[in-house]
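**Student:** Sequence and predicted structure below; questions after.
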Amino acid sequence: MLPFKLSNATAGFVAILVGYTSSVAIIFQAIHQLGATEAQANSWMLMLGLGMSLSTLVLSLSSKMPVLAAWSTPGAALIALSSDVTLPEVTGAFLLCALLLVATGISGWFDKLARLIPDSLANAMLSGILLSFGMKIFDGFGADASLVITMVLSYLAMKRFAPRYAIAVVLLVGLTYVAVTGGFEAASLSVTLAYPVLVKPEFSLPALVGLGLPLYLVTMSSQNMPGVVTLRADGYEPNIGQTITVTGLVSLIFAPFGGYAFNLAAITAAICTDKDADEDPQTRYKASLFAGGFYILVGLMGATVIGLFLILPSALVLTIAAFALLGPIWPALHDLPCRSASRWGNAEPRPRQSDASL
């Protein structure tokens, strides 16, 4: 008997697929804005992949919870909007952000703040985040209606006859449809291994105040808070101080090589915390372990794997993301009560509606 389930691997892969395809363009824009070389750009992608992998594996294994780490997407947007700063100065700002994250995790103040949020408000926050992403399936209809309809029919059929494998089969059907219809444009892909490139940091007050501090603030408010809400919505009560400390330390180590800021994931984490990833909440963390493994592969291959993600039709990505998020969206909208565990590591998820109601 295998120590994992197909749904674990599928959820981990879909989480990575959604995470990269939804925001990797922002990362590229940020790298381009800083005038980085191709080697430095590949180093960024390597460090971001390895940093997310390390954070995810450490936190998931230590807590036995599906704790998924991610890069700071709003942070990348901030970097892309930066002007009149050099790459070494930006690297110094990354280090300041990392130090602030570590200090926040050690102090424990964010943990206390998160516990003050009522469950009803937490569910409202989560539903707003997930629903806005899930509704993008309608954008997919505009881009390729026939592909989306094919995936929808496949999803409905699988939810009726084999719900456990619904997401895996829908993804396979979508990829097969795109391959048969010639939707891939792989001619420009090249196999390239990335390697780390060190950028010696420089510390300037304008960069520290104008980028380092805002990067910390948006990472905490727009990433870590939704990440905590996502875990709580499925009944998990992690040691928040520890999670922020770990992601902060990983940011501190990887920042000079392009790993600018790591934090708790929200949308992609919801894919791994849902029962479609694993019916047993005590072994659901294995989906995050698969995600951590996929992060390593994506990081090592650098621009090659990113290119593979980018050639996927947007309609396919949006549709598979919407289906993967249906599970966590439903109870969040219905504001189901959360039964927290008495101690960290023994969380019990909230009761959910049956698959037939989805």
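**Tutor:** Structure's in. What do you need?
**Student:** residue ranges of the strands in the protein, please?
**Tutor:** Ranges of strands within the chain are 69-71, 262-264, based on DSSP state E.
**Student:** Unless I'm misreading it, Thr150 sits right up against Val170, doesn't it?
**Tutor:** No: the criterion here is Cβ atoms under 8 Å, and Thr150 misses it with Val170 at 9.3 Å. Where C-beta positions appear, they are placed from N, C-alpha and C, glycine not excepted.
**Student:** Quick check on those two: which one has the bigger neighbour count.
**Tutor:** When neighbours are counted by other Cβ atoms under 10 Å, Thr150 and Val170 differ, and Val170 comes out ahead with 27 against 17.
**Student:** what sits against that one?
**Tutor:** Applying Cβ atoms under 8 Å, 6 or more residues apart in numbering, one finds that Val170 lies in contact with 151, 154-155, 158, 319-320, 323.
**Student:** From Lys159, how far out is it?
**Tutor:** The spacing between Val170 and Lys159, counted by Cβ to Cβ, to the nearest Å, is 10 Å.
**Student:** May I ask you to confirm that Ala15 is in contact with Asp274?
**Tutor:** No: in this structure, Ala15 is not within contact of Asp274 by Cβ under 8 Å, at 10.4 Å.
**Student:** Common neighbours of those two, please.
**Tutor:** With the criterion set as Cβ under 8 Å, 6+ apart, the overlap between the contacts of Ala15 and Asp274 is Ala324.
**Student:** How many neighbouring residues does Asp111 have?
**Tutor:** Counted with other Cβ under 10 Å, the burial measure for Asp111 works out to 18 neighbours.
**Student:** which residues in the stretch 151-300 of the chain form helices?
**Tutor:** Ranges of helices within the stretch 151-300 of the chain are 166-180, 205-207, 213-219, 225-233, 240-254, 267-273, 285-301, based on DSSP state H, counting those that start in this stretch.
**Student:** what's the angle between the fourth one and helix 240-254?
**Tutor:** Meaning helix 225-233. An angle of 140 degrees separates the directions of helix 225-233 and helix 240-254 when computed by axes from the mean of the first three to the mean of the last three Cα atoms, to 10 degrees.
**Student:** Give me the mean pLDDT for helix 225-233.
**Tutor:** Regarding helix 225-233, the rounded mean pLDDT is 87.
**Student:** Show me what it is packed against.
**Tutor:** For helix 225-233, the elements it packs on are helix 109-115, helix 119-134, strand 262-264, helix 267-273, helix 314-334, judged by 3 or more Cβ pairs under 8 Å, 6 or more residues apart in numbering; DSSP states H and E.
**Student:** Of the ones you listed, which shows the lowest average pLDDT?
**Tutor:** Across these, helix 119-134 has the smallest mean pLDDT, namely a mean of 62.
**Student:** Out of the helices and strands in the chain, which is least certain?
**Tutor:** Among the helical and strand segments of the chain, the one scoring lowest on mean pLDDT, DSSP states H and E is helix 119-134, with a mean of 62.
**Student:** what about Leu175, how many neighbours?
**Tutor:** By the criterion of other Cβ under 10 Å, Leu175 has 16 neighbours.
**Student:** Roughly how far does the nearest residue in space to it that is not next to it in sequence sit from Thr73?
**Tutor:** With Cβ to Cβ, 6 or more residues apart in numbering as the measure, Leu316 is the residue that lies nearest to Leu175, at 7.4 Å, once sequence neighbours are left out. Separation of Leu316 from Thr73 (Cβ to Cβ): 20 Å.
**Student:** And for Gly105?
**Tutor:** Computed as Cβ to Cβ, the Gly105 to Thr73 distance reads 20 Å.
**Student:** likewise Ala270?
**Tutor:** Using Cβ to Cβ, we find Ala270 at a distance of 15 Å from Thr73.
**Student:** for Leu289, same thing?
**Tutor:** Leu289 sits at a distance of 23 Å from Thr73 (criterion: Cβ to Cβ).
**Student:** and these two? which has more neighbours close in?
**Tutor:** Regarding Leu289 and Thr73, a neighbour count based on other Cβ under 10 Å identifies Thr73 as having more, with 23 against 20.
**Student:** burial count for the nearest residue to Phe184 once chain neighbours are set aside?
**Tutor:** Leaving out its chain neighbours, the residue that sits closest to Phe184 by Cβ to Cβ, 6+ apart is Ile311, at 5.5 Å. Residues lying near Ile311 (other Cβ under 10 Å) number 14.
**Student:** Equivalent analysis for Pro206, please.
**Tutor:** If you count neighbours by other Cβ under 10 Å, Pro206 ends up with 11.
**Student:** Same check on Phe4?
**Tutor:** Here the count is done by other Cβ under 10 Å, and Phe4 has 15 residues near it.
**Student:** Which residue, other than its chain neighbours, is closest to Gln33?
**Tutor:** The spatial neighbour of Gln33 that comes closest, neighbours along the chain excluded (Cβ to Cβ, 6+ apart), is Ala80 at 5.1 Å.
**Student:** Now for the one you found: which residues touch it?
**Tutor:** 26, 29-30, 33 are the contacts of Ala80 under Cβ under 8 Å, 6+ apart.
**Student:** Please repeat the previous calculation with a cut-off of 6 Å.
**Tutor:** Residues near Ala80 by Cβ atoms under 6 Å, 6 or more residues apart in numbering: 29-30, 33.
**Student:** May I see the residues you listed organised as TSV, with distance to Pro238 added?
**Tutor:** As requested, the contacts of Ala80 are arranged in TSV below (distance: Cβ to Cβ, whole Å):
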residue	distance to Pro238
Gln29	32
Ala30	29
Gln33	34
